[in-house]
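*Asks:* Take a look and give me a structure for this.
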Amino acid sequence: MKSVVIQRPNEISLANMDFPEPGPGQLMIQVMASGICGTDLHIYRGEYMGKYPVIPGHEFSGVVASVGSQVSRFQAGDRVAVEPNIACDNCVHCLNNRQNFCVNWQAIGVTLPGGMEEYVLVPEKAAFSIGDLPFEHGAFMEPLSCVVHGIERTNIDMADHVAILGAGPIGCLMLQMARLQGAAHITVMESNPGRADLALQLGADRVLHNMDDMQTDHYDVVIDATGAIPVMNRTIDFVRKGGTVLLFGVPPSGRTLELEGFKIFQKGLKILSSFTSVRNSFQAVGLLQSGQIQVGSLISHHLPLEDMPHALELIESRDPVVKKVLVHPNS
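*Replies:* Prediction:
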């Protein structure tokens, strides 16, 4: 079968791999849609905790092709999406419901083979039924589960004023989730005109194109969805006294933020981060199936597996038309 392999940072190739066979408790999934996000780009650039060589792809859905022994919840033909974070369920973090910080953490597409191949093996516990949800939408289960976890941490209250910095696919999911949580007014800051227009279509009350146009000391909750260090540095300027900042976007490893300590102290701020998700995949599937979260307009490109290098170039390009890029290994 065909697989995309990142051999080492900045080196990617299409390889012929042995066809996998599921072991006890495993599913073999025929991958139908696999999304690319900024984390994949960080792994490719050597800026994230990838294990090389690695088959990337942690946002994907597909069809159960076969099951190993001891599998009880699924059978061949079932349509599923995959939660990539694999916890041991028996360390100090797992036993305190902090599975995202598992001491023995593994992740499909990061440390284990991922969805940028025709077939992939996953533990049964990592699969979630998507019913008749389109595969393209099911591939959003993972990023949406992370967004749900991040929004839960902010404790957005009814009638809050929220600012979201960045209107890429993650920012647009944040926008919709903040509205569901009861935000009365949502301002989005996005310089890319295509993404700015999309944020308006998805219900943003106001879209600004420059951080200098943002109100200072105003918002109850400020969310960074860019992972860009200069943007993250400005978050504490926009939040009101006693407000909350969520640093959600993934920055490059090894880079340092510059936040004014006295300003954080004087404003009494709550500054949060959010790493992956904690049992939020079931919620994410429910939100997608109910239609409360819309993802169709977030997809801009559908590409075959062999175009994975081009897909990464698209993500980096900042082209206004580029949003979520989906790869279809079995197209």
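*Asks:* Which helix or strand lies directly C-terminal to the strand or helix carrying Val5?
*Replies:* Secondary-structure assignment from DSSP states H and E places Val5 in strand 2-8. Following strand 2-8 in sequence order, the next helix or strand is strand 11-16 (DSSP H and E).
*Asks:* Next, the angle strand 2-8 makes with the next helix or strand after that following strand.
*Replies:* Using DSSP H and E, the helix or strand that follows strand 11-16 towards the C-terminus is strand 26-36. Orientation check (axes from the mean of the first three to the mean of the last three Cα atoms, to 10 degrees): strand 26-36 against strand 2-8 gives 70 degrees.
*Asks:* Report the inter-axis angle for the worst-scoring helix or strand of the chain on mean pLDDT versus strand 11-16.
*Replies:* Least confident helix or strand of the chain, by mean pLDDT, DSSP states H and E, is helix 38-45 with a mean of 87. Following the same axes, to 10 degrees, one obtains 100 degrees for the angle between helix 38-45 and strand 11-16.
*Asks:* buried residues in helix 38-45?
*Replies:* 38-44 (16 or more other Cβ atoms under 10 Å). Backbone N, C-alpha and C define where each C-beta goes, glycine included.
*Asks:* hmm, back to that, pLDDT of the strand holding Val5, averaged?
*Replies:* When pLDDT is averaged along strand 2-8, the result is 95.
*Asks:* hmm, who's touching that strand?
*Replies:* If you take Cβ atoms under 8 Å, 6 or more residues apart in numbering as the criterion, strand 2-8 is touched by 12-17, 43-44, 46, 50, 52-57, 113, 116-118, 305-306, 308, 329.
*Asks:* of the residues you listed, buried ones?
*Replies:* Buried by 16+ other Cβ under 10 Å: 12, 43-44, 50, 54-57, 113, 116-118, 305, 308, 329, out of the contacts of strand 2-8.
*Asks:* Out of these, flag the one nearest to Phe101.
*Replies:* Gly50 (18.1 Å; Cβ to Cβ).
*Asks:* so who does the residue nearest to Glu190 when sequence neighbours are not counted touch?
*Replies:* For Glu190, ignoring the flanking residues on the chain, the nearest one in space by Cβ to Cβ, 6 or more residues apart in numbering is Ala167 at 3.8 Å. For Ala167, the contacting residues are 175, 188, 190, 192, 195-196, 198-199, 204, 207, 225, by Cβ under 8 Å, 6+ apart.
*Asks:* pLDDT score for Glu316?
*Replies:* Here the pLDDT value assigned to Glu316 is 85.
*Asks:* That one - that's part of a helix, no?
*Replies:* Yes: counting by DSSP: H, G, I helix; E, B strand; the rest coil, Glu316 is found in a helix.
*Asks:* Not counting its neighbours along the chain, what's nearest it?
*Replies:* Nearest to Glu316 is Leu41, by Cβ to Cβ, 6+ apart, at 6.5 Å.
*Asks:* same thing with Leu95?
*Replies:* In this structure, Leu95 finds its nearest non-sequential neighbour in Asp89, 8.0 Å apart by Cβ to Cβ, 6+ apart.
*Asks:* Now that the one you found has come up, it's in contact with Asn97, right?
*Replies:* No: using Cβ atoms under 8 Å, Asp89 is not in contact with Asn97; the gap is 10.6 Å.
*Asks:* mind listing the helices for the stretch 201-331 of the chain?
*Replies:* 229-238, 261-267, 281-290, 308-317 (DSSP state H, counting those that start in this stretch).
*Asks:* which parts of the last one are buried?
*Replies:* Spelled out, it's helix 308-317. Neighbour-count burial for helix 308-317, counted by 16+ other Cβ under 10 Å, picks out 308, 311-312, 314-315.
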